[in-house]
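Asker: Test case, fold it:
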Amino acid sequence: MCSATSDRILWLKALQRACVRNTIFMPTFAVEEMTLLELEYAATGPDRLLNLLKAPSHDTEPLTHRRPANIYLDWSEFCDIYIVPGGRYLVAVTTTNLSVWDLSTRRNSEILAMYDFQAKLGLAPTSFRLPLVHATPDGRGILILLRCRHLDM
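Answerer: Now for the predicted structure:
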């Protein structure tokens, strides 16, 4: 039994199934860089969380003590934000641009992409909402649908 659970491909497939079953964005995990133990932990994470939530508990202590990433932004500028299932990526829109952030715990948060609506489309400041953020059919990208309303200045 031990040799079966130490097979990397087994845990890669288990993680893929867990992502599909729980609608987690697969690129959340840098599987090439993950150890066998990290793969196992990620693959079993959704089930462990569900079991924990189902079990009665009187403990009021937090499960873990993690320090949140420091993102120094003026959050009042954002029209809408969305955390992609899996928790690694954040999509944010302001009145002038859309940005995609990587909130990975392996490094500091960073902007992966930014699209400037005013410069690219010549739009006046606009109120945007994110009605849809979804994985592409191949699971390797993110589709983003925006709804907009022009602001009267």
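Asker: C-alpha only now, for contacts and for neighbours.
Answerer: Fine.
Asker: Tell me where the protein is predicted with low confidence.
Answerer: Scanning the chain with the threshold set as pLDDT under 70 gives 1-5, 57-76, 105-110, 117-126, 150-153.
Asker: Tell me where it has helices.
Answerer: 2-5, 8-21, 36-54, 117-121 (DSSP state H).
Asker: I'd guessed residue 82 sits against residue 93; true?
Answerer: No - taking contacts as CA atoms under 8 Å, residue 82 lies outside contact range of residue 93: 9.1 Å.
Asker: Select, out of the helices of the chain, the one closest to residue 104.
Answerer: Nearest to residue 104 among the helices of the chain is helix 36-54 (14.0 Å), distances taken as CA to CA.
Asker: tell me what the closest one is packed against?
Answerer: helix 8-21 (3 or more CA pairs under 8 Å, 6 or more residues apart in numbering; DSSP states H and E).
Asker: buried set for the helix it packs on?
Answerer: Buried positions in helix 8-21, judged by neighbour count with 16 or more other CA atoms under 10 Å: 11, 12, 14, 15, 16, 18, 19.
Asker: closest to residue 88 among those residues?
Answerer: Taking the buried residues of helix 8-21 together and measuring to residue 88 by CA to CA, the closest member is residue 19, at 13.2 Å.
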